[in-house]
Structures are given as structure tokens and as C-alpha cells.
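[1] Predicted model and sequence follow; I will ask about them next.
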Amino acid sequence: MADRLNEDEPRRRQSGLLDAIFDVVEQTPDEAPKADQSMFRAKALEQIDVPSQVDQLLPLTSRMTWIALVAAALVILAGLLYAASTQRVEAVTTQGRAVNLPGLAVVSSPANGQIDDVAVAPGAHVTTNEEIATGTTNTGGQIDLRSPITGTVWQEIVPIGGAVSVGEEVATILPGGKNSTVLAPVPESQQSLVDKGQSVELTRSDGEVVEGTVADVVAETLPASALGDLVGIPSNSDALQVMVVIDTETALDAGEPIGVKIIQSRRSLLRQLFEFR
């Protein structure tokens, strides 16, 4: 029985609270509330203080939390902008030289002997079959060295009085023509990655980067040592390579060494990320 009374007590209190609220609403201006009714009404209103309860249930976010959230958003935004503006370049890289086709021509000694006289200096223009140097064989014969092409003397390898052997290079000749062609050997394994019309970045000896285009890929494969002779890059390797011919609108110095980057693709880091996904 006592339990039944205890259970009914909250209901009576709730009913009394509602009655007090209704009394206040229905009360006319002429009616003066009694003292005990005013006290009861004040206590009832205190119990239904909803705004304070909402504040307790939903606390405001602190200033430091907002600062942290804004900082995190800025970091993410900066990362996205960097990824969108930074490009990843895939390319075939090699070393070449500003040399017109068919490449450097080599003047070689036909016999063992000594160089007695050099007729031209580096930079001099020569024509086909023009005398380059003379010498004497070890048996007293005459050595007559002539240019195989029309062009410019690039190097004198053996000076006057220097000894030579059969097949040894005495001088090299740059072929004539415009100074805007670069020859660059590429390993045979990368031949399929290079084709006419591809863009090329050419880095000159002074660090300047100029644009070029693949004009031709010579299908014939030769040992690296042979192609190295054509572009003046000595090599003892027998690995097979192909010659790539590159044209540029920039005037280059004859015989100038050139860094070559044949572009395969350019993709931003952001694009690469989405393609990876």
C-alpha cells in the first residue's frame, strides 16, 4: 500500500504543476494571486527552466577547437593546391650533342707514324677532301689526312709531333648546316618509348632549358661505342643503341653538349592520385 502511495506522488506533483500553470494563464487581471499561490507558481517556473537545461545538454564549442578545425582545413586546402599545380614528368633522359647529321666525322691515321704538320685549327671551315694534317710513317712513307665531309674542325686530337697508330683519331669534323640539330643516343630497350613529334627539353651547357621536337629515330642499332663517336661521347660499351635526331628553333653552338629529356607524359600529382585509385 505504501508503494502504491509512493508511485502516485509524482503524478500528483505533475498534476499540481500543470494546474498552477493553467491558473496563471486563465487568471484575469482583476484577480490577485494569493501569497501561497505566487510562491508555488515561482517554484513551478523554476522547474521548467528549459533554456538552462538545453545549455547543459549542448555546450558551446571552445575557441581553441575552432582554431584547430580551421587550421586543419587550411592544411588540406594547401595540400590539394600543391598536388594540383605540381607536375610529375615521365621521360627518357640521355646526353646528346648539337651536331648535324650524319654526326661527327672522324679523321683517322691510315698507318703508324708521327704527325708532322696540322693545316687547320679548331673552328676552321673545311670542305670535303681538304687537307687536315700530314705526317710520316714509321717506314718513311707519307701520311696524308683529309676531311671526309664539309664542315667545321671541332677537335685536334693529335698535335704536331704526336705519334699515331693505325685507325687512331687525329681530328673530328662537325658537319655543316644549321646549328639547331641535336643527336642523342638512346638504349635499344627504350626505342619503343620514342617517336617523331614528341616534345623534348634540352638543357644547354650554361643551364638554359630550351624546347625541341623529335625529328627522327634512326632504326639501325649500333654499339654505344660507335654512336658515342658520332656525338663525341666516348664509350667502350657494346650495348645496342639507336640515334634520335632532335630539332629546335634555338640556335645552338656547334658541338655543344646537350642534356636531353624526351617527354612521355605530364601529370599533376592530384591527377595521378585519382588515376591510382
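    All right, it came through fine. It should be emphasised that the depicted structure is a prediction, and the values quoted were computed from it without experimental measurement. Numbering: from 1, shown residues only.

[2] drop to CA atoms for contacts and neighbour counts, all remaining ones
    Will do.

[3] which ones are touching residue 175?
    Under the criterion of C-alpha atoms under 8 Å, 6 or more residues apart in numbering, the neighbours of residue 175 are 99, 100, 101, 102, 103, 104, 105, 149, 150, 151, 152.

[4] typed the wrong thing, it's residue 115
    Contacts of residue 115 (C-alpha under 8 Å, 6+ apart): 133, 134, 135, 136, 158, 159, 160, 161, 162, 163, 164.

[5] Keep only those of those that are in strands.
    Per DSSP state E, strands hold the following members of these: 133, 134, 135, 136, 163, 164.

[6] Show the buried residues in the residues you listed.
    Among the ones in strands among the contacts of residue 115, those classed as buried by 16 or more other C-alpha atoms under 10 Å are 133, 134, 135, 136, 163, 164.

[7] Take those residues and lay them out in CSV including pLDDT and distance to residue 249.
    Shown next, in CSV, are those (pLDDT from 0 to 100; distance: C-alpha to C-alpha, whole Å):
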residue, pLDDT, distance to residue 249
133, 94, 35
134, 94, 39
135, 95, 42
136, 95, 45
163, 93, 42
164, 93, 40
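
[8] Nearest to residue 95 among those residues?
    Distance to residue 95, by C-alpha to C-alpha, is smallest for residue 164 among these, at 29.3 Å.

[9] returning to what we had before: so which of the contacts of residue 175 is surrounded by the most neighbours?
    residue 99 (31 neighbours; other C-alpha atoms under 10 Å).

[10] Distance check, that one against residue 70.
    58 Å (C-alpha to C-alpha, to the nearest Å).

[11] do residue 212 as well
    With distances taken as C-alpha to C-alpha, residue 212 is found 46 Å from residue 70.

[12] The two: who's more crowded?
    Between residue 212 and residue 70, counting by other C-alpha under 10 Å, residue 212 is the more crowded of the two (23 against 12).

[13] Just the element for the more buried one, please.
    In the assignment (DSSP states H and E), residue 212 maps to strand 209-217.

[14] What is that strand packed up against?
    strand 199-203, strand 240-247 (3 or more C-alpha pairs under 8 Å, 6 or more residues apart in numbering; DSSP states H and E).

[15] What angle do strand 240-247 and the first one make with each other?
    What that stands for is strand 199-203. Put simply, strand 199-203 runs at 90 degrees to strand 240-247, going by axes from the mean of the first three to the mean of the last three C-alpha atoms, to 10 degrees.

[16] What strands flank strand 199-203, and is each parallel or antiparallel?
    Applying DSSP bridges, strand 199-203 is found paired with strand 209-217 (antiparallel), strand 257-268 (antiparallel).

[17] Quick one: closest of these to residue 81.
    Using C-alpha to C-alpha, the nearest of the strands paired with strand 199-203 to residue 81 is strand 257-268, at 10.5 Å.
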